[in-house]
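Engineer: all I have is the shape, not the residue letters:
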């Protein structure tokens, strides 16, 4: 049974707009670079139907498929620039609460 397509009602509009933009970019650049759809599919290991959904901006397509297609086309650094390391590096234990010795429960 085919996977259900995500509806716009349950997808953040900013994320949906980004997938549409990425999909259009993949389509335009694939055509400009004269790359056949089947060649791109083979290079990123997806089916032709998934590529059609990706180029249409379907938010149900895995993010790694979008990023892989952009990478193969040489656009990954422009479409999804690296994040500031401060956003994903740091002390994860800083927010962990320490155990409190509270024997007054019952």
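Structural biologist: Cool, got the structure. Everything numeric in this text was worked out from a predicted model, so none of it was measured. Numbering: from 1, shown residues only.
Engineer: so how far is residue 56 from residue 16?
Structural biologist: 12 Å (Cβ to Cβ, to the nearest Å). In this view, the C-beta of every residue, glycine as well, is placed from N, C-alpha and C.
Engineer: and the contacts of the helix ranked longest in the chain?
Structural biologist: Assignment by DSSP state H gives helix 13-32 as the longest helix of the chain. For helix 13-32, the surrounding residues in contact (Cβ atoms under 8 Å, 6 or more residues apart in numbering) are 8, 37, 40, 54-59, 61, 66, 69-70, 73-75, 79.
Engineer: inside helices: which ones of these?
Structural biologist: Among the contacts of helix 13-32, DSSP H puts 37, 40, 54, 55, 66, 69, 70, 79 in helices.
Engineer: just the buried residues out of the residues you listed, in PyMOL syntax.
Structural biologist: Command for PyMOL that selects the buried part of the ones in helices among the contacts of helix 13-32, burial taken from 16 or more other Cβ atoms under 10 Å:
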select buried, resi 40+54+55+66+69+70+79
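Engineer: and the ones in helices among the contacts of helix 13-32, which two are furthest apart?
Structural biologist: With Cβ to Cβ as the measure, no two of these lie farther apart than 37 and 79, at 19.2 Å.
Engineer: quick one: low-confidence residue ranges for the chain.
Structural biologist: Scanning the chain for pLDDT under 70 picks out 1-10, 95-106.
Engineer: most centrally placed residue in the chain?
Structural biologist: Centroid check for the chain by Cα atoms, centre = their mean gives residue 63 as the closest residue, at 2.3 Å.
Engineer: give me the distance between that one and residue 22.
Structural biologist: Residue 63 is 9 Å from residue 22, where distance means Cβ to Cβ.
Engineer: got phi/psi on the residue nearest to the centre of the chain?
Structural biologist: When read as degrees, to the nearest 10, the backbone of residue 63 gives phi -60, psi -30.
Engineer: again, but for the one 10 residues further on
Structural biologist: Comment: the main-chain dihedrals of residue 73 come out as phi -80, psi 0, following degrees, to the nearest 10.
Engineer: end to end, how far does stretch 78-94 reach?
Structural biologist: 33 Å (Cα to Cα, to the nearest Å).
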